[in-house]
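K.L.:
Next input, structure requested:
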Amino acid sequence: MKITDVKTALLDETLLVRLTTDEGLSGYGTVERTREFVRPLFAQLAQYLIGENPTEVERTMLKIRRLGAFKPWGKAVSAVEVALWDLAGKAAGLPVHRLLGGKVRDRVRVYNGGVVYPGDTLAESVANLKAGPEGFTMIKGGSAFHGGMAKVPGFTYSEPRDGFAYATRGPLSEWALKDSVDKVAELKELLGDDIGLALDCGPGWTLPDAIKFARAVEPFNLLWLEDLLTGDYTPYVNPRQYRELTVSTTTPIHTGEQIYLRQNFVELLSTNAVRVIGPDPLDVGGLAELKWVAELADLHGVLIAPHGTLDGLVGLAALVQVCATLPDNYLAFEYPVGRPSWWYDIVTGLPDPIVKDGFVTVWDTPGLGIDFNVDEARRYLTEQDKDFFD
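P.N.:
This is a model prediction of the structure:
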């Protein structure tokens, strides 16, 4: 079997990649929603992929893995890796989880991620999530810099800065720190002991404020505090600062969604700089890459809660497959949804309902276990992409 083409198509805000072969099988991958600007990178990768045997996943990946970088520039390589596993599974007649070593759990825990039940306040939104049909046993909310507070006058002693993805960074004012702690108390009272609470907090905090905050919320037994110092769209990690934060508190500290490749996790894990990591399969380099990172984390006593909030339904299928195979340090993955809602009309093979009692049951159909209702999907293709499914 040989790869004959690397096709991409933009369906609303989600970029798909399709690897076609000379035997008529296709494999699908995807890019995180709203990140379609990486599309030109696929033309660069195609010259190394066409003619390769897609069932030899690692041999093929050795040709392209060096062409990615920290989020968002590893997305194209990651999407191709997912598509290769989809193809390999279809060719073998096996689900991807069997090719990754087999599942060790029959259902995978998820937390809210892309599921949003709006409310006038964060507390109202979290209350709506608690009451939702998914039955989440873990819920993550936004806080401080990740909750939009950075632009509130007086929140930090620094000047608010416009720019892409968390440009503002600086010391918190006294009222801002107290307000952040008070919101945690409100949310934990709302959720009680039955539903775990995690907070996505940054990046943007200074180390002294992060230490104060993590210590102040210790009584609430949070699942984690995420990306306080660096994180989402930060092209570095600062493991030494994270380690100082981690050893200063019993509150678990989390980062890692922006990191590309296992090599860039080594210092973070070998120094126990955090207690939880959250690599995204569509940023870290794919499914095997995420599993390598998970295994390394487990050797160092670090938990894993993979990121995925904007990964769409193809990303959801990929996350289910790989998370079924992860070691016992697995917590839950961030549940992505189809947006717009017509994605549920064009993707077939998903269970209904997808989430029950906070879990997704792992399916055993070949590849990622999903396919496309092509006639329906064609309705949403642009003129530029009209031959995507041909």
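
K.L.:
buried set for the helix-or-strand element of the chain with minimal mean pLDDT?
P.N.:
Ranked by mean pLDDT, DSSP states H and E, the weakest helix or strand in the chain is helix 122-131, scoring a mean of 94. Residues of helix 122-131 classed as buried by neighbour count (16 or more other Cβ atoms under 10 Å): 122, 125-127, 129-130. From N, CA and C alone the C-beta is placed, and that goes for glycine too.

K.L.:
any chance you could map the strands in the stretch 251-390 of the chain?
P.N.:
For the stretch 251-390 of the chain, the strands defined by DSSP state E, counting those that start in this stretch occupy 253-255, 276-277, 303-304, 333-334, 347-348, 359-361, 371-372.

K.L.:
now do the stretch 51-200 of the chain
P.N.:
Under DSSP E, counting those that start in this stretch, the stretch 51-200 of the chain gives strands at 107-111, 138-142, 196-200.

K.L.:
for the first one, packing partners?
P.N.:
Translated: strand 107-111. strand 138-142, helix 312-323, strand 333-334, strand 359-361 (3 or more Cβ pairs under 8 Å, 6 or more residues apart in numbering; DSSP states H and E).

K.L.:
Identify all contacting residues around that strand.
P.N.:
For strand 107-111, the surrounding residues in contact (Cβ atoms under 8 Å, 6 or more residues apart in numbering) are 134, 136-140, 198, 305, 319-320, 323-324, 330-335, 355, 358-362.

K.L.:
switch the cut-off to 6 Å
P.N.:
For strand 107-111, the surrounding residues in contact (Cβ atoms under 6 Å, 6 or more residues apart in numbering) are 136, 138, 140, 320, 323-324, 332-333, 335, 358-361.

K.L.:
Tell me the one among the residues you listed nearest to T14.
P.N.:
Distance to T14 across the contacts of strand 107-111 (Cβ to Cβ) is lowest for Y335, with 15.9 Å.

K.L.:
okay, now the closest one: neighbour count?
P.N.:
Applying other Cβ atoms under 10 Å, we find 25 residues neighbouring Y335.

K.L.:
again with F389
P.N.:
Neighbours around F389, by other Cβ under 10 Å: 15.

K.L.:
in the protein, which spans are helices?
P.N.:
41-49, 57-61, 75-92, 96-99, 122-131, 174-191, 207-216, 239-247, 266-270, 281-284, 287-299, 312-323, 343-346, 374-377 (DSSP state H).

K.L.:
quick one, which of those is packed in tightest?
P.N.:
helix 281-284 (a mean of 32; mean count of other Cβ atoms under 10 Å).

K.L.:
what's that one packed up against?
P.N.:
Here helix 281-284 touches helix 75-92, helix 287-299, going by 3 or more Cβ pairs under 6 Å, 6 or more residues apart in numbering; DSSP states H and E.

K.L.:
same question for the shortest one, mean pLDDT?
P.N.:
What it means is helix 287-299. The predicted model assigns helix 287-299 a mean pLDDT of 98.

K.L.:
If any of the contacts of strand 107-111 are buried, put those into a PyMOL selection.
P.N.:
Of these, the buried ones can be selected in PyMOL as follows, counting by 16+ other Cβ under 10 Å:
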select buried, resi 136+138+140+320+323+324+332+333+335+358+359+360
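
K.L.:
Among the contacts of strand 107-111, which one sits closest to E23?
P.N.:
Nearest member of the contacts of strand 107-111 to E23, counting by Cβ to Cβ, is V320, at 25.9 Å.
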